[in-house]
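Q: Sequence and computational prediction follow.
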Amino acid sequence: AVAALMGLGAVLSAFMNNVGAMALLMPLAVQLAGRLSLSPGQVLMPLAFGTILGGMTTLVGTPPNLIVSGFREVPYRMFDFAWVGVPVALAGIGFVALVGWRLVPVRRPGGEIAFETGTYLTELRVPEGSAAIGLTLRRFEDMLDGVDLSVLALIRGTVRQNAPHGGRKLKAEDLLIVEAEVKALTESAARHGIALEGLGPADAAEAGDDIVLREFALLPGSSLIGRSARQLRMRARWGVSLLAVSRQGQRPRARLGTLTLQSGDLLLLRGGPEVLGEFARDMGCVPLDTAPVAVPDRARAWLAAAIMAAAVIVSALGLVPASVAFAGGVLATMASRTLPLREVYGALDGSVIVLLAALIPVAAAMQTTGTADLIAGGLVDGLARGNALAALVVVLVVTMALSDVMNNAATAAVMAPIALGIAAQLGAPADGFLMAVAVGASCAFLTPIGHQNNTLILGPGGFRFGDFWRLGLALEVVIV
């Protein structure tokens, strides 16, 4: 099952954005984890690595491949990377599916078999007439049977008391900041006339099956990152209520409405299914359940698929360069309105464009000034001892190490001229060294910050920063 899921992720990521492929398959991975009695992370980490491996196999699979191609006298064609990328991807998928997934740390809150994201930070308001009035905090926690709840703070008026004593009695309109499994908390609190603070009077009056609770993970690059629910005015603009936030490894101290959201956060949102779906698409979130996906216009869907296929075929046949083929595909998409123009602009990652615009001239300067040759000479003489195979390993390992801590496209831009310098000094063909840079730049398996897909699974998988290296290091050894 893990091999099939990784294979599907690899195939998708060969032709689409790796993060997009990961977001598409995350709900399936979560459901699969429950069926296999595995923790979510034991499926999510292999899937993340599978999508990264799949990007190595085509020219457009990942940005480093395009960067490396630009350093070659004759740019690579669409499937030139497949000769190296496909065997590497198959070896990596086979290793992870047979052995590697057992190296993933098991993070399973509460010992449950089914998928749980664990505890959320949320807020409870004690309304007038509530059965909780007059109870001590200790008795209040006992009253919410079946809920593992921790009271972090009590706010009474303008006074906030952190870690309040268990003997403190509750009064009407007290606000409790708690950490709990929110779905169980919502059901238990409702039986005693207590509601989550995110549910205002209008929400409480709503009834029926058209209002749902859904969990979302923030994608890297989401418009929500760096902003709070109050700044976004989520209820007023979208009709969406933020009920809780989960941030793995941290306990936020801010109020829910003013909490600055971060990449990898898990959000519990309340609203209509269509409203939540539109909110997720616009703001860069991925749902963690397998809600049905509606296709509003099948004709446009087929047209979009045809445009994508045409761009791939034209580029693969060498009729036009890949940049021209896919730029034409983007223009056709815009002209046919298969995608709203605002989503086209939103898909552009400005920070990466600026980064590459700054680094590509630096890479060119390294070549023209001889800096790349100087570094290459040091690596060849100091580490490789003039051996071409050893030099290839050095290039691959150094690129892998850089990619774990910096942007993969930037890593490729820095290492490509050095690789060319090493090839020239050894009198070896440059293609092998350029391929080593392309593969190494994609191998960000040791840290959650090396690749966006690793960041994305931090919350849903319950991972900590140091949880990636065990499987990641073993996988990198296989790839080398």
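A: Sure thing, it's come through.

Q: and the next element down the chain from the lowest-mean-pLDDT helix or strand in the chain?
A: Across the helices and strands of the chain, the lowest-confidence element by mean pLDDT, DSSP states H and E is helix 201-205, at a mean of 42. Towards the C-terminus, the helix or strand next in line after helix 201-205, according to DSSP states H and E, is strand 212-218.

Q: which outside residues touch the helix or strand following that following strand?
A: Next in sequence after strand 212-218, counting helices and strands by DSSP H and E, comes helix 229-232. Helix 229-232 is contacted from outside by 224, 242, 256-259, using C-beta atoms under 8 Å, 6 or more residues apart in numbering. C-betas here are computed from N, CA, C, even on glycine.

Q: How far off centre is helix 229-232?
A: The chain centre lies 22 Å from the centre of helix 229-232; the measure is C-alpha atoms, centre = their mean, to the nearest Å.

Q: Use 45 as the first number from now on
A: All set: I'll call the first residue 45, so the last point we hit is now helix 273-276.

Q: Need the residues that contact the helix or strand that it is followed by.
A: Using DSSP H and E, the helix or strand that follows helix 273-276 in sequence is helix 278-282. Residues outside helix 278-282 that contact it (C-beta under 8 Å, 6+ apart): 244, 284-286, 315, 319, 322-323.

Q: 7 Å - rerun?
A: For helix 278-282, the external contacting residues (C-beta atoms under 7 Å, 6 or more residues apart in numbering) are 284-286, 319, 323.

Q: for the protein, which spans come out with low pLDDT?
A: Scanning the chain for pLDDT under 70 picks out 152-163, 189-192, 225-228, 230-231, 234-237, 239, 241-254, 292-298, 333-340, 390.

Q: you'd agree Ile501 is up against Leu88?
A: Yes - with contacts defined as C-beta atoms under 7 Å, Ile501 counts as touching Leu88 at a distance of 4.3 Å.

Q: now the strands for the stretch 195-344 of the chain?
A: Taking DSSP state E, counting those that start in this stretch, the strands of the stretch 195-344 of the chain run over residues 203-206, 219-224, 239-240, 256-262, 285-290, 310-315, 329-331.

Q: Would you tell me which of those strands gets closest to Val396?
A: Val396 lies closest, by C-beta to C-beta, to one member of those: strand 256-262, at 18.0 Å.

Q: Tell me, how many residues neighbour Gly362?
A: Residues within reach of Gly362, counting by other C-beta atoms under 10 Å, total 11.

Q: Pretty sure it sits against Phe123.
A: No - counting by C-beta under 7 Å, Gly362 does not reach Phe123; the two are 10.5 Å apart.

Q: Skip ahead from the helix or strand containing Gly503 and say which helix or strand is next.
A: Secondary structure assigned from DSSP H and E places Gly503 in helix 502-505. Beyond helix 502-505 on the C-terminal side, the first helix or strand identified by DSSP H and E is helix 513-523.

Q: In that next one, which residues are buried?
A: Along helix 513-523, these residues count as buried under the neighbour rule (16 or more other C-beta atoms under 10 Å): 515-516, 518-520, 523.

Q: Over to stretch 459-478?
A: The neighbour-count check on stretch 459-478 (16+ other C-beta under 10 Å) flags 459-467, 469-470, 474, 476-478 as buried.

Q: just the contacts of helix 273-276 now: which is nearest Ile404?
A: Relative to Ile404, the closest of these is Leu268; by C-beta to C-beta it sits at 30.6 Å.
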